[in-house]
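Asks: Give the three-dimensional model of this entry:
(one chain, ligands or ions: 2)
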Amino acid sequence: MKQLVINPGSTSTKIAVFDDLEMIFEKTLRHSVEELAPYGKIIEEFEFRKNIILEVLKESGIKVEELSGVVGRGGLLKPMSGGTYEVSDSMLKDLKEGARGEHASNLGGILAYEIASDVNIPSFIVDPVVVDEMKPIARLTGHPQFERKSIFHALNQKAVGRKAAQQLGKKYEETNLVVAHLGGGVSVGAHKEGKVIDVNNALDGEGPYSPERSGTLPVTDLAKLAFSGNVSLEEVKKMIKGNGGLTAYLGTNNAKVVSEMCDEGDQNARLIYEGMAYQIAKDIAANAAVLEGNVDAIVITGGIAYDVEFVSWIEKRVGFIAEVLVFPGEDELEALAEGGLRVLKGEEEAKIYS
Ligand SMILES: Nc1ncnc2c1ncn2[C@@H]1O[C@H](COP(=O)(O)OP(=O)(O)OP(=O)(O)O)[C@@H](O)[C@H]1O
Ligand SMILES: CCCC(=O)O
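Replies: Ligands and ions are numbered 1, 2, ... in the order given. Prediction:
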């Protein structure tokens, strides 16, 4: 069964075609700042991205009519449990309105639906960033006006969670893991028997700092800055997401460059980079407490997991909890294909978004 999978990022659209679980075509379509400049909101980029995808498929001799389904990465929707969801009218409406925020992955479900409906095949999203399996106790913040939200790299966290469980010779649904995804954003989740019962909101200023996000900031100082009259709301939001973390401290969101700065003897870069590992380690240990110490393994994934020294800084602080398994990079395209295939083959029923 052939499927097209689509993973839209802020400056790229990754696509692949799978025949069952074999990837037979893959392409990263990069979108320059100039190409995206005419579009105010991410949603306005839909037609542009759809046309490029169709052009590339045509050039590569891939016929949309031969596909059995199209799967897109899901976006900022209403909170939902993990799994594969058929793209429905109400989902499309929420994605198009972007009522829960703008995120490139909002385009995933829309692109999948529009390409699939042209040839009357089903479209799905899998484990969107709003997967929410948190326990009520994890939602408390300290003030009833605020509630913690589950927004994280659900797709990759769950995919590597399954791989780690397999490596341990267990089912994911019977395994307890702490998974840390280290990408442009960082999320650290407690996976208890297949459910992510606690995780930092990696998008909105919670948890460790990351290449481009601030993570948790001292709240009174932030409130003072916000009311100082010196900054706009947009500027404050940008400090938290986009221009926070390594970008704010060192002027780059490229952890590889920071690692090179460390190698060249830059002591400040080393302090900041190791500080990020320190905060991630603290969050991993906090999630071990969530799991009451019953941790089968700590799993480290995402682009920064390629950096052996960075991983060693984390491991020296959390190795006492459980063994550390490292899965560098991300398996999002494969995870999308697996989710779609489970439904197409009738092994799982597509969930309904409401
Ligand atoms: N060998 C390496 N050493 C250090 N950092 C690396 C290495 N390879 C990749 N990275 C870093 O990984 C980061 C990107 O990770 P990733 O590709 O997982 O993020 P993303 O997909 O852009 O964002 P997100 O994962 O938050 O959705 C970049 O900061 C990049 O520099
Ligand atoms: C937090 C969800 C994915 C991202 O980093 O944008």
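Asks: near ligand 1, which residues of the chain?
Replies: Of all the residues in the chain, those in contact range of ligand 1 (Cβ under 6 Å from any ligand atom) are 153, 183-185, 211, 253-256, 259, 302-304, 306-307, 330. Just so you know, the C-beta spots here come from the backbone N, C-alpha and C atoms, and that holds for glycine as well.
Asks: wait, what's in contact with the residue in the stretch 1-150 of the chain positioned nearest to ligand 2?
Replies: Of all residues in the stretch 1-150 of the chain, Val129 sits closest to ligand 2, with a separation of 4.1 Å (Cβ to the nearest ligand atom). Applying Cβ atoms under 8 Å, 6 or more residues apart in numbering to Val129 gives the contacts Gly74, Gly75, Leu76, His103, Ser105, Ile151, Phe152, His153, Ala154, Leu155, Leu203.
Asks: Quick check: closest non-adjacent residue to the last one.
Replies: Read it as Leu203. Of all residues not flanking Leu203 in the chain, Ile151 sits nearest, at 4.7 Å (Cβ to Cβ, 6 or more residues apart in numbering).
Asks: if I pick the one you found, what's in contact with it?
Replies: Leu76, Val129, Val130, Asn201, Ala202, Leu203, Asp204.
Asks: Kindly reformat those as TSV containing pLDDT, secondary structure and distance to Glu173.
Replies: Formatted as TSV, the contacts of Ile151 follow (pLDDT from 0 to 100; DSSP: H, G, I helix; E, B strand; the rest coil; distance: Cβ to Cβ, whole Å):
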residue	pLDDT	secondary structure	distance to Glu173
Leu76	95	coil	27
Val129	95	coil	22
Val130	96	coil	21
Asn201	97	coil	25
Ala202	96	coil	24
Leu203	93	coil	27
Asp204	93	coil	29
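Asks: Generate a ChimeraX selection restricted to the buried subset of the residues you listed.
Replies: Buried members of those can be picked out in ChimeraX with the line below, counting by 16 or more other Cβ atoms under 10 Å:
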select :76,129,130,201,202,203
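Asks: returning to what we had before: need the contacts of Val129 in JSON lines with distance to Lys241 and secondary structure, can you?
Replies: Formatted as JSON lines, the contacts of Val129 follow (distance: Cβ to Cβ, whole Å; DSSP: H, G, I helix; E, B strand; the rest coil):
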{"residue": "Gly74", "distance to Lys241": "19", "secondary structure": "coil"}
{"residue": "Gly75", "distance to Lys241": "15", "secondary structure": "coil"}
{"residue": "Leu76", "distance to Lys241": "13", "secondary structure": "coil"}
{"residue": "His103", "distance to Lys241": "10", "secondary structure": "coil"}
{"residue": "Ser105", "distance to Lys241": "14", "secondary structure": "coil"}
{"residue": "Ile151", "distance to Lys241": "11", "secondary structure": "coil"}
{"residue": "Phe152", "distance to Lys241": "14", "secondary structure": "coil"}
{"residue": "His153", "distance to Lys241": "14", "secondary structure": "coil"}
{"residue": "Ala154", "distance to Lys241": "18", "secondary structure": "helix"}
{"residue": "Leu155", "distance to Lys241": "19", "secondary structure": "helix"}
{"residue": "Leu203", "distance to Lys241": "6", "secondary structure": "coil"}
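Asks: May I ask which of these has the most neighbours?
Replies: Gly74 (31 neighbours; other Cβ atoms under 10 Å).
Asks: Just the pLDDT at it, thanks.
Replies: pLDDT recorded at Gly74 is 91.
Asks: Quickly note the distance from it to Gly265.
Replies: When Cβ to Cβ, to the nearest Å is the yardstick, Gly74 and Gly265 sit 44 Å from each other.
Asks: hang on, the earlier thing: so which of the residues of the chain next to ligand 1 are in helices?
Replies: Secondary-structure check on those using DSSP state H: residues within helices are Ala255, Lys256, Ser259.
Asks: Point out where the stretch 151-300 of the chain drops to low pLDDT.
Replies: Under the criterion of pLDDT under 70, none of the stretch 151-300 of the chain is flagged as low confidence.
Asks: residue of it with the smallest distance to ligand 1?
Replies: Sorted by distance to ligand 1 under Cβ to the nearest ligand atom, the residues of the stretch 151-300 of the chain start with Gly183, at 1.9 Å.
Asks: and the residue nearest to that residue when sequence neighbours are not counted, what pLDDT?
Replies: Counting by Cβ to Cβ, 6+ apart, Gly302 is the residue found nearest to Gly183 once chain neighbours are left out, at 4.1 Å. Looking at Gly302, its pLDDT stands at 95.
Asks: which residues in the stretch 251-354 of the chain form strands?
Replies: 297-302, 324-328 (DSSP state E, counting those that start in this stretch).
Asks: just so I know, which of those lies nearest ligand 2?
Replies: When the strands of the stretch 251-354 of the chain are ranked by proximity to ligand 2, the top entry is strand 297-302, at 9.4 Å, counting by Cβ to the nearest ligand atom.
Asks: what's the burial count for the closest residue to Ala277 other than its chain neighbours?
Replies: Beyond its immediate neighbours in the sequence, the residue positioned closest to Ala277 (Cβ to Cβ, 6+ apart) is Trp313, lying 3.7 Å away. Using other Cβ under 10 Å, Trp313 is surrounded by 17 other residues.
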